[in-house]
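Asks: here is the input, now give the coordinates:
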Amino acid sequence: MSTNTIKEGKTSAIVAYLTMIGALIAISMNSEPENDFARFHIRQAFGLHLIFLGFAIFLSVWFNEYAWYGLYVFYIVLWFYGFLAALNGKKQSVPVLGPYFQKWFTFIR
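Replies: Numbers count the residues shown, from 1 in each chain. Predicted coordinates for the structure are as follows:
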């Protein structure tokens, strides 16, 4: 991947990690000049946000204080990992779930 591709897609990649709304905005930002670097990180961020929201809804029904702590630690650690990779211009998937996000969210172009 060229440095020009990374430079062009960096803004969309970073915006994707800023909440689920940021991920949706980044999808639209990357729609016209499709950028591979941005697409990779948008999928990663979208997956992280979706997993977090899904488990948060699940935990809101079956509340356990320690489960919430675990969810937040899991989310924040993976979020920082992905966000720092986007900032540094690296195409690193988040541990454990990253490869699945690339397979599951192929509709993100």
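
Asks: can you tell me the SS state at the residue nearest the centre of the chain?
Replies: Centroid-nearest residue in the chain, with CA atoms, centre = their mean: Ala45, separated by 0.8 Å. Using DSSP: H, G, I helix; E, B strand; the rest coil, the structure places Ala45 in helix.

Asks: give me the spatial nearest neighbour of it, chain neighbours excluded.
Replies: Ala16 (3.8 Å; CB to CB, 6 or more residues apart in numbering). Just so you know, the C-beta spots here come from the backbone N, C-alpha and C atoms, and that holds for glycine as well.

Asks: wait, the one you found touches Gly9, no?
Replies: No: with contact defined as CB atoms under 8 Å, Ala16 does not count as touching Gly9 (10.1 Å).

Asks: circling back: which ones are touching the residue nearest to the centre of the chain?
Replies: Ala13, Ala16, Tyr17, Gly22, Ala23, Ala26, Gly82 (CB atoms under 8 Å, 6 or more residues apart in numbering).

Asks: out of those, who's nearest Ser93?
Replies: Gly82 (8.0 Å; CB to CB).

Asks: contacts only, for the closest one.
Replies: Tyr17, His41, Gln44, Ala45, Leu48, Gln92, Val94, Gly98.

Asks: and the closest residue to the last one other than its chain neighbours, what does it touch?
Replies: If the residues on either side of it in the chain are set aside, Gly98 comes closest to Gln44, at 5.9 Å by CB to CB, 6+ apart. Going by CB under 8 Å, 6+ apart, Gln44 touches Ala16, Gly82, Ser93, Val94, Gly98, Phe101, Gln102.

Asks: how far away is Gln44 from Pro95?
Replies: 11 Å (CB to CB, to the nearest Å).

Asks: quick revisit: which among the contacts of Ala45 count as buried?
Replies: Ala13, Ala16, Tyr17, Gly22, Ala23, Ala26, Gly82 (16 or more other CB atoms under 10 Å).
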